[in-house]
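Novice: sequence and predicted model, in that order:
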Amino acid sequence: MAREEAKPLSRRDTSALAALKRRRIEKRMLWRTRTLGAVSVTTVVVLIGASAVRIYRLGKLPFTHGGEDLDVTEGGPIKATVRSVKIIREGYRVSSTRENVLVNMVTSFIVTFAITRAITHTIRVRGGIGPIKNMQTAGGRHIHHFIPGAIISLAAGGTAIAFRPEGPDRYLAIPFGVGIALVLDEAALLLELEDVYWSEEGALSVRLAFTIMGLLGAIAYAIQVRRAGKPGTEYDWNQAAKAWEDLQLLGR
């Protein structure tokens with residue numbers, strides 16, 4: 001019996017198959033983006049949590065060993081807040097500049113990226129947020145936000161290189177992270193040389209930002225773990241607190 005020949009697909013069937021294939025690819029890429037985002041956010045949360053504990057613990061040392069009462073629940077919420085701010089400020093002052101630089105950069109990067117995406121989404125849907133709209137030059141050319149991002153990051157990085165010692169680095173890391181976030185948010189546009197911000201190709205910017213976010217968080221946390229217990233300001237602070245405790249025990 002002769003085999004029945006397959007009928008050629010109609011134009012409608014071909015279009016339906018292409019649309020189905022496109023939806024499957026988009027679904028797979030969305031799942032990958034969300035997974036990458038979840039991993040990156042988890043890494044950063046661990047980093048910020050560990051840094052907060054480290055700074056608070058360091059800030060408590062001079063007050064604890066100086067004989068000051070640190071019961072943050074005593075004296076009402078205002079007094080407790082003032083005491084907590086004092087502890088955090090002291091802990092931040094004596095903590096490692098290198099570690100604070102990385103934490104500040106990662107935090108400013110995340111906050112800027114999130115705010116930028118929220119603003120651009122609102123502009124796309126509603127046309128703007130009050131005075132915030134798409135920037136245009138006199139000739140009608142659209143100014144993408146990677147331009148101010150590049151200027152901010154270059155200015156912050158150049159200032160950090162020009163000034164030594166490392167004093168201002170921890171503060172310059174904030175505008176540097178802001179600038180890098182603005183540039184990476186439009187990385188796909190720079191690669192494609194087309195305005196693909198809201199297209200499938202534009203999702204590359206989100207995936208790239210999540211990747212950088214996760215790498216920075218992992219590196220910063222690894223440095224914290226590696227430097228724990230090594231000579232430096234934090235080490236000296238802890239050693240001084242331990243010596244104070246030993247003196248108190250000897251005096252009893």
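Specialist: Great, that's in hand. Residues are numbered from 1 along each chain as shown.

Novice: residues contacting residue 47?
Specialist: 103, 106, 217-218, 220-221, 224 (Cβ atoms under 8 Å, 6 or more residues apart in numbering). Where C-beta positions appear, they are placed from N, C-alpha and C, glycine not excepted.

Novice: which among the residues you listed gets closest to residue 49?
Specialist: Set against residue 49, the nearest of the contacts of residue 47 by Cβ to Cβ is residue 221 (9.8 Å).

Novice: how much space between that closest one and residue 108?
Specialist: 17 Å (Cβ to Cβ, to the nearest Å).

Novice: kindly report the same for residue 181.
Specialist: 7 Å.

Novice: and if you look at residue 127?
Specialist: With Cβ to Cβ as the criterion, residue 127 and residue 108 are 28 Å apart.

Novice: can you pick out the residue with more neighbours from those two?
Specialist: Using other Cβ atoms under 10 Å, the more surrounded residue of residue 127 and residue 108 is residue 108, with 19 against 9.

Novice: quick check: that one touching residue 172?
Specialist: No: in this structure, residue 108 is not within contact of residue 172 by Cβ atoms under 8 Å, at 10.5 Å.

Novice: for residue 114, grab phi and psi.
Specialist: phi -60, psi -40 (degrees, to the nearest 10).

Novice: rewinding a little: report the buried members of the contacts of residue 47.
Specialist: Among the contacts of residue 47, those scoring as buried are 103, 106, 217-218, 220-221, 224 (criterion: 16 or more other Cβ atoms under 10 Å).

Novice: tell me the one of the residues you listed nearest residue 177?
Specialist: residue 106 (6.8 Å).

Novice: next secondary structure element downstream of the helix or strand the closest one falls within?
Specialist: Element membership of residue 106 [criterion: DSSP states H and E] is helix 97-126. Where DSSP H and E defines the elements, the next helix or strand beyond helix 97-126 is helix 146-162.

Novice: what mean pLDDT would you report for that following helix?
Specialist: Across helix 146-162, pLDDT averages out at 91.

Novice: how about that helix: buried residues?
Specialist: 146, 149, 152-153, 156-157, 160.

Novice: what's in contact with it?
Specialist: 168-169, 172-176, 178-183, 185-186, 189-190.

Novice: what's the first helix or strand after that helix?
Specialist: helix 169-184.

Novice: could I have the CA atoms of that following helix written out in PDB?
Specialist: Output of helix 169-184 as PDB, limited to C-alpha atoms (Å, rounded to 0.1, in the frame of the first residue of the first chain):
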ATOM      1  CA  ASP A 169      36.100  55.800  48.500                       C
ATOM      2  CA  ARG A 170      33.300  54.400  50.600                       C
ATOM      3  CA  TYR A 171      31.100  57.400  49.700                       C
ATOM      4  CA  LEU A 172      32.200  57.600  46.100                       C
ATOM      5  CA  ALA A 173      31.100  54.000  45.700                       C
ATOM      6  CA  ILE A 174      27.500  55.200  45.900                       C
ATOM      7  CA  PRO A 175      27.400  57.400  42.800                       C
ATOM      8  CA  PHE A 176      29.700  54.900  41.000                       C
ATOM      9  CA  GLY A 177      27.100  52.100  41.600                       C
ATOM     10  CA  VAL A 178      24.300  54.500  40.500                       C
ATOM     11  CA  GLY A 179      26.100  55.300  37.200                       C
ATOM     12  CA  ILE A 180      26.900  51.600  36.400                       C
ATOM     13  CA  ALA A 181      23.200  50.700  37.000                       C
ATOM     14  CA  LEU A 182      22.100  53.300  34.500                       C
ATOM     15  CA  VAL A 183      24.500  52.100  31.900                       C
ATOM     16  CA  LEU A 184      23.800  48.400  32.400                       C
END
